[in-house]
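Undergrad: mind looking at a prediction? Sequence and model below.
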Amino acid sequence: MWSTASSWLRAIVGLLYPEVCQFCNEQRASAGEGFVCSTCWSRAGAIRFIRPPFCLRCGLPYDGAITTDFICGNCHGIKLHFTSARSATVAAGLVLEAIHRFKYQRHLWLEPFLADLLLRELKPWLEAHAVDLLVPVPLHPVKRREREFNQSQRIAAAISRATGLPCSASCLKRVRETGTQTALSREQRAINVRKAFAINRSFPLNGKRVLLIDDVFTTGATANACARVLRSAGALDVAVWTVARSV
């Protein structure tokens, strides 16, 4: 009986979302793959994973022959409240298009694809770093109602399921609507998110090592503002991981 029901469910899902790549509309791609086929995956420049060398603090990749740890010029002279920030890929090509479709067009079937990109790079890092709690970057309630979901929360939940790490979408909240940061400079972004986040005092963070999850890291203003609040609430350490990094 359960087998029959599952078959009917797969058939209905197949009608709504045919198992074909949503980017080339030619090759077969399953829901578990986020409807992204292997051909699009392997296309030159479609997905660029970030590899060393990169900045020890913000993870900015560097095109050069540097063999020692370094901190980029953007991080000098700025008080960073997170220990380190890393991104799985460069925000370009197929990855950037997938993020935009996911966030702004509600193509929720791309969630497995984006979560998988992050997991591929995050898992080795987790083997060397202790984490007690995953925290997604929150949306303001107004933005949440407009979008109907928080993309960072969905990705963090997928990471939680895959790793077994607990995830809390309630300990950090956005208390001030800041609008889009797209056209703002680094300094303007930092001002824009000042006092935009607050902690849920009923959620104890004392001594916890927090991993902040977001979709894209641009200047780090949002991540830094979140980390500042988490640290002030007692978090022992805050690291940041995102699916993609603007360069």
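TA: Yep, it's here. These figures come from a predicted structure and were not determined experimentally. Numbering: from 1, shown residues only.
Undergrad: ok, then the element right after the helix or strand of the chain with the lowest mean pLDDT?
TA: The weakest-scoring helix or strand in the chain, judged by mean pLDDT, DSSP states H and E, is helix 2-16 (a mean of 52). Next along the chain after helix 2-16, taking DSSP states H and E as the criterion, comes helix 38-42.
Undergrad: just give me the neighbour total for residue 138.
TA: 22 (other C-beta atoms under 10 Å). (Glycine included, C-beta is placed from N, CA and C.)
Undergrad: show the contacting residues for it.
TA: 150, 152, 153, 169, 172, 173, 174, 197 (C-beta atoms under 8 Å, 6 or more residues apart in numbering).
Undergrad: so which helix or strand takes in it?
TA: Here residue 138 is covered by no helix or strand, with elements defined by DSSP H and E.
Undergrad: what sits closest to it if chain neighbours are left out?
TA: residue 174 (4.5 Å; C-beta to C-beta, 6 or more residues apart in numbering).
Undergrad: any idea which of the contacts of residue 138 is closest to residue 229?
TA: residue 197 (4.7 Å; C-beta to C-beta).
Undergrad: that closest one bridge partners, please.
TA: residue 174 (DSSP bridges).
Undergrad: which residues of this structure score low on pLDDT?
TA: Low-confidence segments of the chain (pLDDT under 70): 1-17, 179-186, 188-192.
Undergrad: okay, now the domains of it?
TA: What automatic domain parsing lists as the domains of the chain is 1-43, 48-245.
Undergrad: related to what we said a few turns ago, now the two most distant members of the contacts of residue 138.
TA: Between any two of these (C-beta to C-beta), the greatest distance is 14.4 Å, for 153 and 197.
Undergrad: in stretch 26-43, what's buried?
TA: 29, 33, 34, 35, 36, 37, 40, 41 (16 or more other C-beta atoms under 10 Å).
Undergrad: picking up where we left off before, give me the number of residues near the residue nearest to residue 138?
TA: Neighbours of residue 174 using other C-beta under 10 Å come to 22.
Undergrad: over to residue 141?
TA: Count around residue 141 with other C-beta under 10 Å applied: 12.
Undergrad: what's the answer for residue 222, then?
TA: Residue 222: 25 neighbours (other C-beta under 10 Å).
Undergrad: quick one: it and residue 216 touch, right?
TA: No - with contacts counted by C-beta atoms under 8 Å, residue 222 stays clear of residue 216, the gap being 9.5 Å.
Undergrad: out of the buried residues of stretch 26-43, flag the one nearest to residue 204.
TA: residue 34 (35.3 Å).
Undergrad: do you have the helices of this protein handy? List them.
TA: Using DSSP state H, the helices of the chain run over residues 2-16, 38-42, 93-104, 111-128, 141-147, 151-163, 186-192, 221-232.
Undergrad: the longest one to helix 151-163, inter-axis angle?
TA: Read that as helix 111-128. Here helix 111-128 runs at an angle of 60 degrees relative to helix 151-163 (axes from the mean of the first three to the mean of the last three C-alpha atoms, to 10 degrees).
Undergrad: and the residue lying closest to residue 193 once chain neighbours are set aside, how many neighbours does it have?
TA: When the adjacent residues along the chain are set aside, residue 193 lies closest to residue 225, with 4.3 Å between them (C-beta to C-beta, 6+ apart). Using other C-beta under 10 Å, residue 225 has 22 other residues around it.
Undergrad: now residue 225: how far from residue 98?
TA: 26 Å (C-beta to C-beta, to the nearest Å).
Undergrad: put together a markdown table for the contacts of residue 138, with distance to residue 81 on each row.
TA: Shown next, in a markdown table, are the contacts of residue 138 (distance: C-beta to C-beta, whole Å):
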| residue | distance to residue 81 |
| --- | --- |
| 150 | 22 |
| 152 | 18 |
| 153 | 21 |
| 169 | 20 |
| 172 | 13 |
| 173 | 17 |
| 174 | 17 |
| 197 | 11 |
